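J.: The following block contains a protein sequence and its predicted model.
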Amino acid sequence: MSEGAAPSGGSTPSVRFVYDASLAAYELAPEHPFRPERLELTRTLLEATGALDREAYADVGPLTERELARVHATRYIDAVKRASRGDAGDEAYAFGLGTGDNPVFPNMHEAVLRVCAATVSAVELVASGAATRAVNLAGGLHHAMHAKASGFCVYNDLALGIRRAVDAHGLRVAYLDLDVHHGDGVQWLFYDTPDVMTIGLHESGRYLFPGTGHTYETGRGPGRGLAVNMPLEPFTEDASFLEAFETVVPRALEAFRPDLIVLQAGADMHRDDPLADLSVSLAAMGASYRRVVELSEALTGGRLVATGGGGYDPYRTVPRAWSLLWAAVAGVTLPERVPETWRERWAGSSALPLPETMVDDPSSWPPVPRRATVSSHNRAVAARLMEVLETIWAERGTDAEATRHDDREGPG
Amino acid sequence: MLVQDIMTRQVVAIGPDMPIKDVNALMEQRNIRHFPILESGGSGPARLTGEAPDDAVDRLVGIVSDRDLRLVGAEHPMAPAGVAAVDPVRRVMVSPVLTAHPLDPIEETAKTLREHKIGAMPVMDGDRLVGIVTGIDMLDALVRMSGVYEAATRLEVEVPNRPGALASLLAAIAERKHNVSSVMTSRADAESVTFVLRVSTVDGRRLAHHLRDAGFVVLWPIDKTPTS
């Protein structure tokens, strides 16, 4: 595919918001930290700001079980279906089901299949050329494994979307994971795949679930050099996060030359997230989303699919973070203040006062401990990571060129 | 876990009369660092255990490692005196040999390897060579025992050194319906024991908080206190 072959033909690119009310049915348990309300909170905030038009909405298409089985083991799918019917046997534990993190709930299979279908629909819209960019905020279940539920994730919508892009459209896909937790499920599912590069910035596995995402996880066999992991120190702040992003992401994308970028935009890098320890602000998160859009313009003809992910401060942080994500993807500007109508609508549901501004003010936060150490550590890790990867990429260079199908039919 | 669970069963053994230079070449070719030496092996080619029907009568007479061969023929104060690369390997082999039994617990074997500063032990069932176990096998076993291949949160908890202390810790974790993928002891003294656990939960901080509330001393993860 030649660069800059955006299907929109120069007019306003079409950007779609894949959504229907059924996506909120993925509620693991009433007291579970993974809150489906985040979807409605974000959608109503975007509508209140005028950033989301009716015309942007796109329906969730179908996803067959046959396609599901391209990513997940049949015996695992069967176990999920049994558990969904209230028939989870003792074998469920072997599949990671029925635990505190992944409790079983009625119609779980159908609910999570719907979330996966929405991400696959987003990929299909972009890969087929019907849209330039598409978003599924219900998606981002990056921990789900081939035959195991893990970290609140039952099926891996991202892997299913990537498979669709690779198998049905022959695209090379760069997967970029900005969730605070390492995207282990997606990484391991494509660890030896030459068509998919996985890139992640996350809090170091030394301190946080799932414990992986170390710099030396670089891919295997035909996928060698195509797993990129930038672990960040606890208390990493905006400047250091953006510096690490700039050191790693543009160069990795340039080296791989993808046709499509799939972005997992978990909102849990934020300082106020209760499950993790980074100190990133909404301003830096928004800046990183805008940068991803910019990179996709330069490298993939604008083709970008974005999903949600983690984010456990559901009322205050997540709706604003994902509004910034949508604003970046749709190329619109948000107001500085959170609309009063939205605040009034949700004030009764939130335990804490709702924010008044769309971004927060990190200068008002108490200073983090060891600030200089955190930044210099991140800088050193990023430099070492790139040194290793550049060596691997130089080795694969000629092979990669030889196997690349430049004359392949592109989307649109 | 026993030696028989982690040992290599297909052992490449050599005879004591094989020239050192050939042993070097074989190490290179097979990517192996230790060869048991069997008496009836003669000067012939290396072979795998189980290939010859008379294995039972072969006598283990020595072992040789890359370290024993490295300095042969070198201008070096530690080089074995008067030994050349064309000489038979018996000139530099180590004898008698420390061996393991298939039913030895791996921690015993690990201790022996460490105390004697050696890299491998042939595994003998009576007079018969049935395998070889190396320091790398020990490391692989440790990696597996740690449960590090499972997505998990790592906890370090100090409990009193008395019966039931670990049981009550595990009960407190089970109460939250989390699965434990491994438990290891990292330190122990007369008063207390520190366990390293890998638990299948994203929210390790909440679990730690719950355990602290229940009176446990959670050393890791540390409390999130960015302000002080």
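T.: Here it is on my side, so go on.
J.: So stretch A:35-43, near chain B or not?
T.: No - judged by CB under 8 Å from any CB of the partner chain, stretch A:35-43 and chain B are separated, with a smallest distance of 13.2 Å. Just so you know, the C-beta spots here come from the backbone N, C-alpha and C atoms, and that holds for glycine as well.
J.: quick one: buried residues of that stretch?
T.: For stretch A:35-43, a neighbour-count test (16 or more other CB atoms under 10 Å in any protein chain shown) marks A:35-36, A:38-43 as buried.
J.: Please apply the same query to stretch A:208-215.
T.: If you call a residue buried by 16+ other CB under 10 Å, then stretch A:208-215 has these buried ones: A:208-213, A:215.
J.: Same check on stretch A:322-336?
T.: Per 16+ other CB under 10 Å, stretch A:322-336 contains these buried residues: A:322-330, A:334.
J.: got TSV for the residues you listed, with secondary structure and distance to residue B:109 too?
T.: As requested, the buried residues of stretch A:322-336 are exported to TSV (DSSP: H, G, I helix; E, B strand; the rest coil; distance: CB to CB, whole Å):
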residue	secondary structure	distance to residue B:109
A:322	helix	55
A:323	helix	60
A:324	helix	57
A:325	helix	54
A:326	helix	59
A:327	helix	61
A:328	helix	58
A:329	helix	58
A:330	helix	63
A:334	coil	64
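J.: and of those residues, the nearest to chain B?
T.: Of all the buried residues of stretch A:322-336, residue A:322 has the smallest distance to chain B: 19.3 Å, by CB to the nearest CB.
J.: Could you verify my assumption that the closest one touches residue A:38?
T.: Yes - the pair residue A:322 / residue A:38 is scored as a contact, 7.4 Å apart, by CB atoms under 8 Å.
J.: ok, how many other residues are close to residue 195?
T.: Picking chain A for this. Here the count is done by other CB atoms under 10 Å in any protein chain shown, and residue A:195 has 21 residues near it.
J.: My question was about chain B, not that one.
T.: Neighbour tally, residue B:195, other CB under 10 Å: 21.
J.: Which pLDDT value goes with it?
T.: pLDDT for residue B:195: 97.
J.: That one belongs to a strand, doesn't it?
T.: Yes - under DSSP: H, G, I helix; E, B strand; the rest coil, residue B:195 sits within a strand.
J.: Isn't it up against residue B:185?
T.: Yes - counting by CB under 8 Å, residue B:195 touches residue B:185, with 6.1 Å between them.
J.: ok, back up a step: of the buried residues of stretch A:208-215, which belong to strands?
T.: Judged by DSSP state E, the subset of the buried residues of stretch A:208-215 located in strands is empty.
J.: Report the central residue of chain B.
T.: Per CA atoms, centre = their mean, the C-alpha nearest to the average position across chain B is that of residue B:138, at 1.4 Å.
J.: Nearest residue to that residue in space, please, no chain neighbours.
T.: Nearest non-adjacent residue to residue B:138, counting by CB to CB, 6 or more residues apart in numbering or on different chains: residue B:110, 4.8 Å away.
J.: next one: stretch A:348-366 to chain centre, how far?
T.: When C-alpha coordinates are averaged (CA atoms, centre = their mean, to the nearest Å), stretch A:348-366 and its chain have centres 24 Å apart.
J.: end to end, how far does it reach?
T.: 29 Å (CA to CA, to the nearest Å).
J.: So which of the buried residues of stretch A:35-43 is the closest to residue B:177?
T.: Proximity of these to residue B:177 (CB to CB) peaks at residue A:35, which lies at 18.9 Å.
J.: contacting residues around stretch B:77-93?
T.: B:14, B:16-21, B:23-24, B:37, B:43, B:61-64, B:68-69, B:71-73 (CB atoms under 8 Å, 6 or more residues apart in numbering or on different chains).
J.: ok, of those residues, which come out buried?
T.: Applying 16+ other CB under 10 Å to these flags B:14, B:16, B:18, B:20-21, B:23-24, B:37, B:61-64, B:68-69, B:72 as buried.
J.: Closest to chain A out of those?
T.: residue B:24 (28.9 Å).
J.: I figured that closest one was touching residue B:68, is that so?
T.: No - look at residue B:24 against residue B:68 with CB under 8 Å: they stay out of range, at 10.7 Å.
J.: Near residue B:93, how many other residues are there?
T.: 22.
J.: what's residue B:20 in contact with, if anything?
T.: Residue B:20 makes contacts with B:69, B:72, B:83-89, B:91-92, as judged by CB under 8 Å, 6+ apart.
J.: still on that earlier bit, give me the mean pLDDT for the strand or helix carrying the residue nearest to the centre of chain B.
T.: Element membership for residue B:138, per DSSP states H and E: helix B:135-146. Predicted confidence along helix B:135-146 averages 93 (mean pLDDT).
J.: and the next element down the chain from that helix?
T.: Following helix B:135-146 in sequence, per DSSP H and E, is strand B:153-160.
J.: Does the longest helix seen in chain A reach chain B?
T.: Among the segments of chain A that qualify as a helix by DSSP state H, the longest is helix A:371-403. No - interface with chain B: helix A:371-403 contributes nothing (CB under 8 Å from any CB), its closest point being 10.6 Å away.
J.: for that helix, packing partners?
T.: Packed against helix A:371-403 by the contact rule (3 or more CB pairs under 8 Å, 6 or more residues apart in numbering or on different chains; DSSP states H and E) you find strand A:227-232, helix A:238-256.
J.: So what pairs up with residue B:133 in the strands?
T.: Legend: beta-bridge partners of residue B:133 under DSSP bridges are residue B:121.
J.: Chain B contacts on the stretch 51-200 of chain A?
T.: In this structure, the stretch 51-200 of chain A approaches chain B at residues A:93, A:96, A:98-101, A:103, A:143, A:145, A:150-152, A:181, A:184, judged by CB under 8 Å from any CB.
J.: Tell me the one of those nearest chain B?
T.: Taking CB to the nearest CB as the measure, chain B lies nearest residue A:100 of these, at 3.8 Å.
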